[in-house]
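Peer 1: Provide a 3D model corresponding to the input given below.
(2 chains)
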Amino acid sequence: DSGVTQTPKHLITATGQRVTLRCSPRSGDLSVYWYQQSLDQGLQFLIQYYNGEERAKGNILERFSAQQFPDLHSELNLSSLELGDSALYFCASSYRGATNEKLFFGSGTQLSVL
Amino acid sequence: AQKVTQAQTEISVVEKEDVTLDCVYETRDTTYYLFWYKQPPSGELVFLIRRNSFDEQNEISGRYSWNFQKSTSSFNFTITASQVVDSAVYFCALSEGRSARQLTFGSGTQLTVLP
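Peer 2: Sure thing, here's the model as predicted:
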């Protein structure tokens, strides 16, 4: 058990809808990352937060947004969903958010857009 | 731009065989970090090892060993005497220090160990 909690584990929705994925980092970790894993794109970095502030941005679509709250949990909001958004979304955490730190990953949220 | 290539998409071995997973990386930074993660069938990504660009010392941990060679930009991973429980997808990943680019993952190698 990595200590990172993601909810829900599975989400089925329709095109055009909006969903929110939730992540609680490991106790003591200040940085949260979001990754998307799909068959065609592999594991792609979306966005990173550190202590409530956006730290780095990757291949995140404009329809997607995220935030990290004062209690350090994070939410990833996906809107105007398309079939191609179907993927496994991982949250990860680390203590300082430095590039040399190992990441602790949650078990992921499997999103299916029908 | 940073890039990680895992040319082996799938590898199948019989239990107790040794197996090496290849990883080749590209980066313009002189300071960078290499990682291996394992994704078992349960789906969660698990950290295995980290190496920084200044430390080419190879490492052995139990049945696992890693061979880092800057001259060929490779960071290969060997499992000795493989076991069925080693069956998983293995990802090599790179992060750059100076540009602070976050982890870039390779496409992964699906390892199947047959009994």
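
Peer 1: which stretches of the chain form strands?
Peer 2: Defaulting to chain A. Secondary structure of chain A (DSSP state E): strands at A:5-7, A:10-13, A:19-24, A:31-38, A:42-50, A:53-57, A:64-68, A:74-78, A:87-94, A:104-105, A:109-113.

Peer 1: wrong chain, I was asking about chain B
Peer 2: Counting by DSSP E, residue ranges of the strands within chain B are B:3-5, B:10-14, B:19-21, B:24-26, B:32-39, B:46-52, B:59-61, B:64-69, B:74-79, B:88-96, B:104-105, B:109-114.

Peer 1: on contacts alone, who are the packing partners of the fourth one?
Peer 2: Spelled out, it's strand B:24-26. Using 3 or more CB pairs under 8 Å, 6 or more residues apart in numbering or on different chains; DSSP states H and E as the contact criterion, the neighbours of strand B:24-26 among helices and strands are strand B:3-5, strand B:74-79. Using the backbone N, CA and C atoms, a C-beta is placed for each residue, glycine as well.

Peer 1: how about 7 Å then?
Peer 2: Packed against strand B:24-26 by the contact rule (3 or more CB pairs under 7 Å, 6 or more residues apart in numbering or on different chains; DSSP states H and E) you find strand B:3-5.

Peer 1: what's residue 107 in contact with, if anything?
Peer 2: Let's take chain A. A:Ser107 is in contact with A:Gln6, A:Lys9, B:Gly43, B:Glu44, counting by CB atoms under 7 Å, 6 or more residues apart in numbering or on different chains.

Peer 1: I was after chain B.
Peer 2: If you count contacts by CB under 7 Å, 6+ apart, B:Ser107 has them with A:Gly42, B:Gln6.

Peer 1: hmm, try it at 8 Å
Peer 2: Neighbour list for B:Ser107: A:Gly42, B:Thr5, B:Gln6, B:Thr9 [criterion: CB atoms under 8 Å, 6 or more residues apart in numbering or on different chains].

Peer 1: turn those into TSV, including pLDDT, distance to B:Asp55 and neighbour count.
Peer 2: Supplementary listing: the contacts of B:Ser107 in TSV, determined by pLDDT from 0 to 100; distance: CB to CB, whole Å; neighbours: other CB atoms under 10 Å in any protein chain shown:
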residue	pLDDT	distance to B:Asp55	neighbour count
A:Gly42	93	27	17
B:Thr5	97	22	14
B:Gln6	97	22	21
B:Thr9	96	29	9
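
Peer 1: tell me how far B:Glu10 lies from B:Thr112.
Peer 2: As defined by CB to CB, to the nearest Å, B:Glu10 lies at a distance of 7 Å from B:Thr112.

Peer 1: which of those two has more residues huddled nearby?
Peer 2: Neighbours were counted for B:Glu10 and for B:Thr112 using other CB atoms under 10 Å in any protein chain shown; B:Thr112 has more, 14 against 10.

Peer 1: ok, now which ones touch the closest residue to the more buried one other than its chain neighbours?
Peer 2: By the measure of CB to CB, 6 or more residues apart in numbering or on different chains, the closest residue to B:Thr112 outside its immediate chain neighbours is B:Ser12, 4.6 Å from it. Remark: with contacts taken as CB under 8 Å, 6+ apart, B:Ser12 is in contact with B:Leu111, B:Thr112, B:Val113, B:Leu114.
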